[in-house]
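[1] turn this into a model:
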Amino acid sequence: MSRFITTDLDKLFAKRTRLERDAYFADSTTSIRKEIDRLDAQILEYIEKAPEQSQEKTDWNDILKNQQEEKSDNSRLAQARRKLERLKGEQDEAISRAYSHQALTNGQPMNDKRGGASFMRKQEQIEGQVFSKMDEIRQQEERVERLEHQQHLKEMGLNRQGSGLDMSVQKYTLESVKS
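    Below you'll find the predicted structure:
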């Protein structure tokens with residue numbers, strides 16, 4: 001048995017599938033067909049006996065709170081990371097467009113066919129989009145790296161350049177001044 005089969009119903013379906021495969025290759029399928037019919041009856045009986053799965057009810061306010069918690073970090077670093085993820089998704093889409101456009105040729109060269117020039121222009125345009133996304137991703141990765149470095153310096157108490165201590169007024173509260 002596979003490690004992915006978890007319930008009795010999954011086991012019944014797996015056994016039925018194996019029997020169907022055996023029936024396909026066997027000379028005499030009558031006994032296998034009877035076994036498949038018996039398994040079908042067991043599957044139907046199991047499905048009828050199974051209680052309906054109840055979905056967990058969630059309050060609309062809980063859903064909104066969860067969304068707000070996810071979006072609560074709106075720092076420049078978090079925004080840069082989200083943009084990087086978005087750019088990577090756009091790059092994947094552009095690459096798949098390039099592959100699907102190239103697949104239109106069915107492996108044949110397009111340079112000597114009617115409409116070959118327009119096909120090649122379109123292919124160059126799509127590939128240009130892929131390369132521009134790659135360049136944008138590289139620039140965004142550098143920006144994220146720079147912002148992470150600034151965040152690290154801020155956590156250490158240094159200024160953004162790392163050349164000295166952060167002397168901002170926000171750092172000192174009224175209580176620390178009194179003491």
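
[2] contacts, neighbours, all on C-alpha from now
    Fine.

[3] looks to me like residue 105 is in a helix.
    No. Per DSSP: H, G, I helix; E, B strand; the rest coil, residue 105 lies outside any helix segment and is coil.

[4] check contacts around it.
    By C-alpha atoms under 8 Å, 6 or more residues apart in numbering, no residues touch residue 105.

[5] would you list the phi and psi of it?
    Dihedral pair for residue 105: phi -80, psi -10, per degrees, to the nearest 10.

[6] same deal with residue 158?
    Main-chain torsions, residue 158, degrees, to the nearest 10: phi -100, psi 170.

[7] where do the helices sit along this structure?
    Assigned by DSSP state H, the chain shows helices spanning 8-25, 30-49, 60-71, 76-103, 116-156, 174-178.

[8] out of the ones you listed, the one nearest residue 165 is which?
    Between residue 165 and these, the shortest gap by C-alpha to C-alpha is with helix 116-156, which sits at 8.9 Å.

[9] which elements pack onto the closest one?
    Under the contact criterion of 3 or more C-alpha pairs under 8 Å, 6 or more residues apart in numbering; DSSP states H and E, helix 116-156 touches helix 76-103.

[10] for the helix it packs on, which positions count as buried?
    By 16 or more other C-alpha atoms under 10 Å, the buried positions in helix 76-103 come out as 77-78, 80-81, 83-84, 87-88, 90-91, 94-95, 97-98, 102.

[11] related to what we said a few turns ago, of the helices of the chain, which approaches residue 163 most closely?
    The closest approach between residue 163 and any of the helices of the chain, judged by C-alpha to C-alpha, belongs to helix 116-156 at 9.6 Å.

[12] okay, the angle between that closest one and helix 76-103?
    Helix 116-156 and helix 76-103 meet at an angle of 160 degrees, taking axes from the mean of the first three to the mean of the last three C-alpha atoms, to 10 degrees as the criterion.

[13] still on that earlier bit, can I get the helices of the chain in TSV with distance to residue 109 and mean pLDDT?
    Below are these laid out as TSV (distance: least, C-alpha to C-alpha, whole Å; pLDDT from 0 to 100):
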stretch	distance to residue 109	mean pLDDT
helix 8-25	42	73
helix 30-49	51	77
helix 60-71	49	67
helix 76-103	10	89
helix 116-156	9	90
helix 174-178	75	55
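
[14] can I get the ones you listed in a markdown table including distance to residue 163?
    Formatted as a markdown table, these follow (distance: least, C-alpha to C-alpha, whole Å):
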| stretch | distance to residue 163 |
| --- | --- |
| helix 8-25 | 63 |
| helix 30-49 | 69 |
| helix 60-71 | 32 |
| helix 76-103 | 21 |
| helix 116-156 | 10 |
| helix 174-178 | 24 |
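
[15] out of these, nearest to residue 110?
    helix 116-156 (5.0 Å).
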